[in-house]
Every structure is written in C-alpha cells, then in structure tokens.
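**Student:** let's see this in three dimensions:
(one chain, ligands or ions: 1)
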Amino acid sequence: MTIDPERAPADEIAARQLGRLHRLLAEVVPANGFWADRLGNAGAAFRRAPGWDLFRSFPLTGKVHLVADQQAHPPLGRIATHPRDAYVAFHQTSGTHGRPMVVLDTAESWSWWARCWQAVYRAAGVTAADRILFAFGFGPFIGFWSAFSGAREMGALSIPSGGMDGKQRLRLIADSGATVLLATVTYALRLAEVAREEGIDLRALGIRRTIHAGEPGASIPSVRARVEEAYGASSFDHAGATEVGAHSFSCSARDGLHVNEVEFVAEVLDPGGSPVPEGETGELVLTNLGRAGWPVIRYRTGDLAVNGGRACPCGRTLLKLPGGIMGRADDLMIVRGVNVYPTALEAIVRDFEVAEFRVVRLRRGDLEELRLDVEASEETARALAEEMRLRLAVRIETRAVPAGSLPRFELKARRIVDERS
Ligand SMILES: [Zn+2]
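**Tutor:** Have a look, this model is predicted:
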C-alpha cells in the first residue's frame, strides 16, 4: 500500500523534501547565476551532502532581490535556469509597487503548477465531474491560468469568463451549469450583490463549492459564512504567489490553510529569521520543489501566518496555518501599542451589515491612527466602533459613508489606504 504523501508522518515528509531539494540544487546551482551567487559555498556543500542545518544556513531571499536581478540583467534577469527556448509560459506580476516582474515556466514546471492546483481542488472535494467557472479577467497574472490548467488536467469542464461583467457571468453560470466558482472572495460577494440587484436566485444556480484566492477573506469565518449563505455552497481558501506557486489550501476542516509540503518546504520565521514556536505568528518562507527552471529557495512571501503544527481532523499531516494568511507583513498596523491585523479588522466588520469598507491609516503627531469608512447606516457604524473597542482593545474612528461610494474590486481588494505621509 502506498502512503498518501499528504498524510505521511512528518519525518517522511521531511526526508522526501530533502531528496527533492538535493536533485533541485544539482540542476539549478551549476546553471543559474542568480542562485549560485545567493547560495555560494553553502549551495555547493549542500550538493555534496544535503542536510537541514545547511539548508537553514541559506540566506533568505525576497522579492526585492528578484526585482533587482531583473533590473540589473534585463529583461529576464539571471534567475532563469535554462535558455529562453526551454520555456513555454510567460506571466508577470501586477507591478503594484513598481515595474512588473516577469516569470517563466517550462512545460515541466507548468505541469507542476497544474499538479499543485489539483491538490487545492482535491482538498475542496472538487472532482472531474465538476464544472468550474473562473470569474477572472485572464490577463498576464499567473493565478487564473494555472488554476485553469489544473482544472483541465484533472478532467473538469473549465469555463473562462474574462471580459464579462457580473450580469453576464451570472448568465454564464446558469447556462454552463457551473458547480464550482473560482473568484476572489471580494468578487464572489460582489457577484452576490449583482444577483440581488437583478433579482436572480443565486442559491438556485447550482454552485456547490467556491474556491477563493488572492485575499485572506475566505479563512475569516464571518466572511466565509456570507459567501456560503449567498451561494448555498461550501467555501474554501487557497494561497499562492507568482514567484512561488499554488502553495496552500483549506481542507474539509476549513479553519485555515495547509501548506502543500509535498511540493514546497515551509518555514514560519520571526523577524530575526528563527522559526516561531507552535501557536505563534511569523512570516511564511517557502521553497518550491518542482520549478527548477525558475526556482525560489527560502523565499520571504511577506505573508504573516500562525505556525499551527500538523494535527488536523482531515488526516493530513501537512503544516497547518490556522486562520490562513493573516495579512501582509507590511500591513500590520500598530495603534497605540496594539497590533491590529487587517484580517482581525475585517472579521469584525463582516459581522455587521456592511456592503463595502476601507481602512485609512493616518498619522497624528508621532502616532498611527486608523479610520474605518463603512458603507452602512450611522447606527451600524457606531455599533461597529464599539465592537472594535471591545474586541481589539483599541478605539478606531468609524465613519458611515454613502452606499456605493467606495471602490469595488474584481481581483485583490485594496482596502487599506495609507495617508500617513
Ligand atoms: Zn486538514
């Protein structure tokens, strides 16, 4: 009997990872200028005798290093292991904070992406019998394409909906008999709003599962409850990144994410680079094992997560991140000495009748202050302010704004506005 690698004992998972790391570095280090420089002697030593201590001596690498490499060696940088002819897929990041970053995949690493997505679908109970509608614009962002490839390879009917508005997508759901919706949680709620406006009974359309990515929302119980109520479906979370891969998914327990340690090495580290104990929050640092053509090794995702150990009712032994991604390390707000995570704020907001909201970061003197703008009644805004004072132990000015006055988002919501400078 073969053991399910997602349910193997922790030492078996680690042994398998080490073997794959060894093969990965044997392929990458001789051919990849970027990683040969980053890893230096430690990389060469690991190739001779792989071990976890040596692995943990590798430097942490962040997006800033990848971007600098691509700027110094345009257009692709030195991080591509193979000659350009070896690649079949070109994608780029949104470039919110500067120039977009290009990433390339070989046929082999593109299949690996598809395999990682199949783990996401499997954990959500999605099968080849499902019909999956992708409510995305299908631009050069890797997320939709990889999810789409994974669905097709699994054998599910895969339905794109780029260039459509909410009404058209609702029509497409009905016409195609879609059973699964892939969307950001923000967009899933937006689509529910459109259905209400159009008098469409969303629950009757036959969506039985929703899978969300790109935002922490789907691991926030109050947010998930809203989506599930609107669609009459079960909702699942997923986390991935262009530079890294489709790395984490929620299972039937739906209390956070598992990192797919079959395909990634995961670490949760404190700001000094040491592992945080179980139950504590740190930055998620990942190494992908199946993308030799464009690998990342000890990559700082910038995402905050709790080290949740390995116990889960679903039987998987893959590292658990309770509550999912807690937000970006950059988005941690400190208000009068209290750490306020964006997810904690959203969890409270979603307990109220609020159509849309945003958080404005302000500076008063030397101190950070927050203001919350909510599309809700004055009464709701007051109740919300009181609830935040109770649950977060901090006073946050809460302002009711007219319905429809805040921006709506299709992809990743940007609800934190920084007005500190
Ligand atoms: Zn689980």
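**Student:** which ones are touching the residue positioned nearest the centre of the chain?
**Tutor:** Closest to where the C-alpha atoms of the chain average out (CA atoms, centre = their mean) is A239, at 2.6 Å. A239 sits next to 213, 247-249, 257, 303, 324-325 when contact means CB atoms under 8 Å, 6 or more residues apart in numbering. All C-beta atoms are positioned from the backbone trio N, CA, C, and that covers glycine.
**Student:** identify the residue nearest it in space, chain neighbours excluded?
**Tutor:** Of all residues not flanking A239 in the chain, S248 sits nearest, at 4.2 Å (CB to CB, 6 or more residues apart in numbering).
**Student:** so for the helix or strand containing the one you found, mean pLDDT?
**Tutor:** Here S248 sits within strand 245-249, counting by DSSP states H and E. Mean per-residue pLDDT for strand 245-249: 97.
**Student:** report all helices and strands that the following helix or strand past it contacts.
**Tutor:** Downstream of strand 245-249, the next assigned helix or strand under DSSP H and E is strand 256-259. Applying 3 or more CB pairs under 8 Å, 6 or more residues apart in numbering; DSSP states H and E, one finds that strand 256-259 makes contact with strand 234-241, strand 245-249, strand 320-322.
**Student:** past strand 256-259, which element shows up next along the chain?
**Tutor:** Reading on from strand 256-259 to the C-terminus, the next helix or strand found by DSSP H and E is strand 264-269.
**Student:** dump whatever helix or strand comes next after that next one to CSV, keeping only the CA atoms.
**Tutor:** Going down the chain from strand 264-269, the next helix or strand is strand 281-288, by DSSP H and E. Extracted in CSV, the C-alpha atoms of strand 281-288 (Å, rounded to 0.1, in the frame of the first residue of the first chain):
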residue,chain,number,x,y,z
THR,A,281,2.8,34.3,14.2
GLY,A,282,5.7,34.8,11.8
GLU,A,283,6.4,35.3,8.1
LEU,A,284,5.8,32.4,5.8
VAL,A,285,9.0,31.5,4.0
LEU,A,286,8.8,28.9,1.1
THR,A,287,10.9,26.9,-1.2
ASN,A,288,9.3,25.4,-4.3
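**Student:** do a quick rundown of the helices in this structure.
**Tutor:** Here the chain has its helices, by DSSP state H, at 10-28, 33-48, 52-57, 63-72, 107-123, 142-154, 166-176, 185-198, 221-231, 342-349, 378-392.
**Student:** what inclination does the last one have with respect to helix 342-349?
**Tutor:** Spelled out, that is helix 378-392. 130 degrees (axes from the mean of the first three to the mean of the last three CA atoms, to 10 degrees).
**Student:** residues contacting the residue lying closest to E397 once chain neighbours are set aside?
**Tutor:** Leaving aside its sequence neighbours, E397 sits nearest to R371 (CB to CB, 6+ apart; 4.7 Å). R371 is in contact with 359-360, 362, 396-399, counting by CB under 8 Å, 6+ apart.
**Student:** would you mind naming what in the chain lies close to the ion?
**Tutor:** Neighbours of the ion within the chain, by CB under 5 Å from the ion: 251, 253, 312, 314, 316.
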